[in-house]
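> generate coordinates for the sequence data below:
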Amino acid sequence: MKVLTAAPGSCKGIRACEKACAKALHKSEDASLSAIRVSGSDGARSFTMCNQCGDCIAVCPTRALYRNKAGIVLVKKSLCVSCFVCVGFCPTGAMSWHPDVDTPIKCISCGKCVKACPEHVLGLVDQDHSGLPA
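I've put the predicted structure just below:
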């Protein structure tokens, strides 16, 4: 599976990654709709992003969360009841919610944020997903 990586020390805080993610997921450049979040200031930036661990799958009461064949954890919107238990449970704080979105905001490892970063701070790396929650 593809998982996001980051080199926070190289980040200039342009936040093009957040806008690209929001556009990919919600057709909006509103960074609050992004599944990746950049915080901090020069030299002390940090990223909140999904590592596709799948821990959220077990807590979903409707089984709306699942791992696809590539290993990416996705939300089946037709099953999601917007309880956001997964958001509160996410061990990395990467899943989020927004009042204008009915389902959790979740990284799908599409790579749009990686391509948008002019500083090449982000990357997508292959990671074995065997043995992780299905």
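> show me where the protein has its helices.
16-26, 85-89, 112-116 (DSSP state H).
> can you give me the buried ones in stretch 98-108?
Buried residues in stretch 98-108, defined by neighbour count with 16 or more other Cβ atoms under 10 Å: 103-108. Every residue, glycine included, has its C-beta placed from N, CA and C.
> what's the neighbour count on the nearest residue to residue 48 once chain neighbours are set aside?
Spatial nearest neighbour of residue 48, excluding adjacent residues (Cβ to Cβ, 6 or more residues apart in numbering): residue 37 at 4.3 Å. Residue 37 is flanked by 19 other residues according to other Cβ atoms under 10 Å.
> dump the helices of the chain to CSV, plus distance to residue 134.
Listed next are those as CSV, based on distance: least, Cβ to Cβ, whole Å:
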stretch, distance to residue 134
helix 16-26, 23
helix 85-89, 15
helix 112-116, 26
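> point to the residue nearest the middle of the chain.
Geometric centre of the chain, nearest residue: residue 107, 2.6 Å, by Cα atoms, centre = their mean.
> quick one: contacts for the residue nearest to residue 48?
18, 47-49, 96 (Cβ atoms under 8 Å, 6 or more residues apart in numbering).
> same thing with residue 122?
Taking Cβ under 8 Å, 6+ apart as the test, what residue 122 contacts is 4-6, 17, 36, 47, 113-114.
> of those, closest to residue 81?
Proximity to residue 81 was ranked across those by Cβ to Cβ; first place goes to residue 36, at 25.2 Å.
> give me the distance between the closest one and residue 116.
10 Å (Cβ to Cβ, to the nearest Å).
> pLDDT at residue 43, what is it?
For residue 43, the model assigns a pLDDT of 73.
> give me the nearest residue to it, chain neighbours excluded.
For residue 43, the spatially nearest residue (Cβ to Cβ, 6+ apart) is residue 9, at 7.1 Å.
> ok, now how distant is the one you found from residue 121?
9 Å.
> these two: who's more crowded?
More crowded of residue 9 and residue 121, by other Cβ under 10 Å: residue 121, with 22 against 10.
> save the helices of the chain as TSV, and put in distance to residue 128, mean neighbour count and mean pLDDT too.
What follows is the helices of the chain, written out as TSV (distance: least, Cβ to Cβ, whole Å; neighbours: other Cβ atoms under 10 Å; pLDDT from 0 to 100):
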stretch	distance to residue 128	mean neighbour count	mean pLDDT
helix 16-26	24	21	97
helix 85-89	23	16	97
helix 112-116	20	20	97
